[in-house]
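K.L.:
coordinates only, sequence not included:
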């Protein structure tokens, strides 16, 4: 098995390689989600989905114009929370 061969070559355990791989994956995912949130936030001049909702309610943006981005923002915030929780568990 490749994982065992790699572990042996680098004098570590397969479990350690798996844990480090998971951490790296989650950290990469976290950076991606954070960057997507920054792009959305910059576009609307907000930092959270709640702020976007408030801006829509105040009429800064039409609901139809921001509809998809609002749900994307909400989804990304939820995903970021999940990634952070998983990283804390490692």
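P.N.:
Ah, there it is. Treat the numbers as computed from the prediction; the structure is a model and nothing was measured. Residues are numbered from 1 along each chain as shown.
K.L.:
C-alpha from now on. contacts and neighbour counts both.
P.N.:
OK.
K.L.:
how about the backbone phi and psi for residue 48?
P.N.:
Main-chain dihedrals, residue 48, degrees, to the nearest 10: phi -140, psi 160.
K.L.:
separation between it and residue 33?
P.N.:
13 Å (C-alpha to C-alpha, to the nearest Å).
K.L.:
so for these two, which sits in the more crowded spot?
P.N.:
residue 33 (20 against 17; other C-alpha atoms under 10 Å).
K.L.:
helices along the chain, start to end?
P.N.:
Using DSSP state H, the helices assigned to the chain run over residues 2-9, 14-44, 49-57, 63-89.
K.L.:
format the ones you listed as JSON lines; extra columns: mean pLDDT.
P.N.:
Output for the helices of the chain, formatted as JSON lines (pLDDT from 0 to 100):
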{"stretch": "helix 2-9", "mean pLDDT": "92"}
{"stretch": "helix 14-44", "mean pLDDT": "96"}
{"stretch": "helix 49-57", "mean pLDDT": "93"}
{"stretch": "helix 63-89", "mean pLDDT": "95"}
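K.L.:
what's in contact with stretch 6-20?
P.N.:
3-4, 90 (C-alpha atoms under 8 Å, 6 or more residues apart in numbering).
K.L.:
how far does it stretch from one end to the other?
P.N.:
So stretch 6-20: terminal residues 13 Å apart, C-alpha to C-alpha.
K.L.:
quick check: pLDDT value at residue 1.
P.N.:
Here, the pLDDT recorded for residue 1 equals 74.
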